[in-house]
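Undergrad: Show me how the following folds:
(chains A and B)
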Amino acid sequence: MRKILLLLIVALSAFALHLDEIENFMQKNIDESLKILQNAKDDKKSAAQDIFKLFDGVFDYELMAKLSLSKYYQKLSQDEVAEFNKAFEASLKKSFTDKLELYKDQVLKVESGERKNEKRYFLTSSMMVDGEKKFIVFKFYKENDEWLIYDVDVLGVSIIQTYRSQFGDILENGTFKDLLSKLNDIIIK
Amino acid sequence: MKKVLILLLFFGFAFANVDEFEAEYGQYEVSDPLSGYNKMITEFNVGLYTYVMRPVLKGYNAVTPSFVRSGVRNFFDNLLAPFRFVGNVLQFKFDNAGDEFKRFLANSIMGFGGLRDIATEMGIEKHPADLGLVLAHWGVGEGFHLVLPILGPSNLRDTLSLPALWYATPTAYIEPDYASFLVGAYGFVNELSFHLDEIDEIYYNTPNLYPFLRDAYEQRRKELSK
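TA: Reported below is the predicted structural model:
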């Protein structure tokens, strides 16, 4: 048992993204993602799968799901949490892929990173759209010397913040099932 | 004990301190006493877009040559460059104001009166600035959120500052009044014709549209006014 756990820790550490690697890692994978989309033609689903193979290791989907539900997360049963996490991750991936698809002909360039505090690092990237510079900020947090993404600001708009408002509004006026069905309605076509 | 430590270390990868994040997001607030009305107008706007504007704009895009749409877009955009220049000066963003000045000169002279956006081709950036953003930069609060028919998300401050945008546009001075309105509306609709894919994506693929539009609008305005 001990050996298995140690092996798991070593394996996870091997994928861990360190602070000095973030800029290169992100620029390389953003370039790769845009290439995948440009070559994808109509097969968006397979393009999305290829893109998320690049990023799965750095997005903390579980934490993002938890933050998106805020206080409502504690009220869910274990089964509901599992169901929500799955639906949330799928919906988030679709949303990202669609947004990338809209801007696939632009160049998203990593500009600079800023260490906000001991446990936060914001990586700013930008692209030119119709003469205007638009910013996308990837927000990383540190956990056990590993850096993971917990939110992305697109044009100054926090994805997690908008999810919190959307989900909070659904749950105040409806049920967990309503939320789940709204999330499941969004699938990659 | 060792096993417990190893387990703790292992699960440490999965559990971050959520309280710190809650504090981060807890700072965000938006005043929305008219949420019922706002949701209703949002539904109206989505219906109007789906059944009237979208089909019309799809038709418009199909029959209008791309260079005509771009020319119209660039022309209207160039007319607002002096307004953006003043807006940036009033926010003490002098570099941005300088860019707007250069853009206006380049597009007016070399871009055939603004029909071609040569400034963007030259790498001169555009910097949005309107009266609402100037007021926000000076510390005027946004007031409550307000969704306008056809125009979409806004707030009290930005709605009250809209007449400034109208009167800053030279097309407002065309006589008679209805011609001025028609020209302004054409500029608005032509601009929309470039954003159908983006609007489709947001309108039809967002789990809960109204809170998303509200937050996206308010956060974006905050970002632009910094």
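
Undergrad: can you map out the helices along chain B?
TA: Taking DSSP state H, the helices of chain B run over residues B:2-12, B:18-26, B:35-48, B:54-63, B:66-79, B:81-90, B:94-105, B:118-121, B:131-137, B:156-160, B:162-168, B:177-192, B:196-204, B:209-225.

Undergrad: can the longest one be found next to chain A?
TA: Yes: where contact is defined by Cβ under 8 Å from any Cβ of the partner chain, part of helix B:209-225 touches chain A, namely B:210-212, B:214-216, B:219-220, B:222-224. In this view, the C-beta of every residue, glycine as well, is placed from N, C-alpha and C.

Undergrad: now those residues in CSV, with pLDDT, neighbour count and distance to A:Ala47?
TA: Output for those, formatted as CSV (pLDDT from 0 to 100; neighbours: other Cβ atoms under 10 Å in any protein chain shown; distance: Cβ to Cβ, whole Å):
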residue, pLDDT, neighbour count, distance to A:Ala47
B:Tyr210, 96, 23, 30
B:Pro211, 96, 25, 29
B:Phe212, 96, 21, 24
B:Arg214, 97, 25, 31
B:Asp215, 96, 23, 28
B:Ala216, 95, 22, 25
B:Gln219, 95, 20, 29
B:Arg220, 95, 16, 28
B:Lys222, 93, 15, 33
B:Glu223, 92, 13, 29
B:Leu224, 93, 18, 32
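
Undergrad: coming back round to it: looking at the helices of chain B, which is closest to A:Ala87?
TA: For those, the distance to A:Ala87 is smallest for helix B:209-225, at 16.8 Å, taking Cβ to Cβ.

Undergrad: name the helices or strands packed onto the closest one?
TA: The contact analysis (3 or more Cβ pairs under 8 Å, 6 or more residues apart in numbering or on different chains; DSSP states H and E) places helix B:209-225 against strand A:157-158, helix A:159-173, helix B:35-48, helix B:131-137, strand B:145-148, strand B:152-155, helix B:196-204.

Undergrad: ok, back up a step: return the member of the residues of helix B:209-225 next to chain A nearest to chain A.
TA: Nearest to chain A among the residues of helix B:209-225 next to chain A: B:Glu223, at 2.5 Å, using Cβ to the nearest Cβ.

Undergrad: just to revisit the earlier point, A:Asp153 is nearest to which of the helices of chain B?
TA: When the helices of chain B are ranked by proximity to A:Asp153 (Cβ to Cβ), helix B:209-225 comes first, at 8.2 Å.

Undergrad: hey, which strand is longest across chain A?
TA: In chain A, assigned by DSSP state E, the strand with the most residues is strand A:132-143.

Undergrad: Show me which residues of that strand are buried.
TA: A:134, A:136-143 (16 or more other Cβ atoms under 10 Å in any protein chain shown).
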